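*Asks:* compute the structure for the input listed below.
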Amino acid sequence: MKALVAYFSASGVTAKVAQAVAETAGAGLFEIKPEKPYSDADLNWRNPLARCNREKLGGKDVPVTGRVENMAEYDTLYVGFPIWYGCAPNVVNTFLKGYDLSGKKIYAFATSGGSGIGKTAEKLKPYVPGAEVVEAKLLHSADEARAWVK
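*Replies:* Numbers count the residues shown, from 1 in each chain. Sure thing, here's the model as predicted:
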């Protein structure tokens, strides 16, 4: 089984958890980056006009920079992100739609300052047709990530 951890991290928290998942799973690591990086103002979810809110509520694709050139080689994909509105940020959905993930197992993990995992696994399914979304887990630390992967 060959695994890849693909993650989006707005503030660095998800990056630390993703690193722990990759190390524990013996997986490759790929950072999902929007073409236009987010500023602190863009991420201020308390402001209804902030970019994160406009993207999520508008259902807009967020262009991604970089590409996993050898995605077909992976059987398992761990996808990590901070929870936005009870699901993955649009940049993650755009990333997933860019690949044929048929036959792959998808394990989603999320970080959050206060939100629950909600129906994250169910909400990812439209973006990964033909893949098996196995689980979505809320992780708060690298230690939790290591325990989850084991």
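*Asks:* show the average pLDDT along stretch 36-47.
*Replies:* When pLDDT is averaged along stretch 36-47, the result is 89.
*Asks:* ok, then the element right after the longest helix along the chain?
*Replies:* What stands out as the longest helix in the chain, according to DSSP state H, is helix 13-25. Sequence order places strand 28-31 as the next helix or strand after helix 13-25, per DSSP states H and E.
*Asks:* in its sheet, what does the following helix or strand past that next one sit against?
*Replies:* Using DSSP H and E, the helix or strand that follows strand 28-31 in sequence is strand 33-34. Paired neighbours of strand 33-34 in the sheet (DSSP bridges): strand 64-65 (antiparallel).
*Asks:* lowest-confidence helix or strand of the protein?
*Replies:* helix 51-58 (a mean of 85; mean pLDDT, DSSP states H and E).
*Asks:* check which residues of that one are buried.
*Replies:* Buried residues in helix 51-58, defined by neighbour count with 16 or more other C-beta atoms under 10 Å: 51-53, 55-56. All C-beta spots, glycine's among them, are computed from the backbone N, C-alpha and C.
*Asks:* alpha carbons only: can I get it in PDB?
*Replies:* What follows is helix 51-58, C-alpha atoms only, in PDB (Å, rounded to 0.1, in the frame of the first residue of the first chain):
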ATOM      1  CA  ARG A  51     -12.600  35.700   1.400                       C
ATOM      2  CA  CYS A  52     -13.000  32.400   3.300                       C
ATOM      3  CA  ASN A  53     -16.700  33.200   3.800                       C
ATOM      4  CA  ARG A  54     -17.300  34.400   0.300                       C
ATOM      5  CA  GLU A  55     -15.700  31.300  -1.200                       C
ATOM      6  CA  LYS A  56     -17.500  28.800   1.000                       C
ATOM      7  CA  LEU A  57     -20.900  30.400   0.800                       C
ATOM      8  CA  GLY A  58     -20.500  31.100  -3.000                       C
END
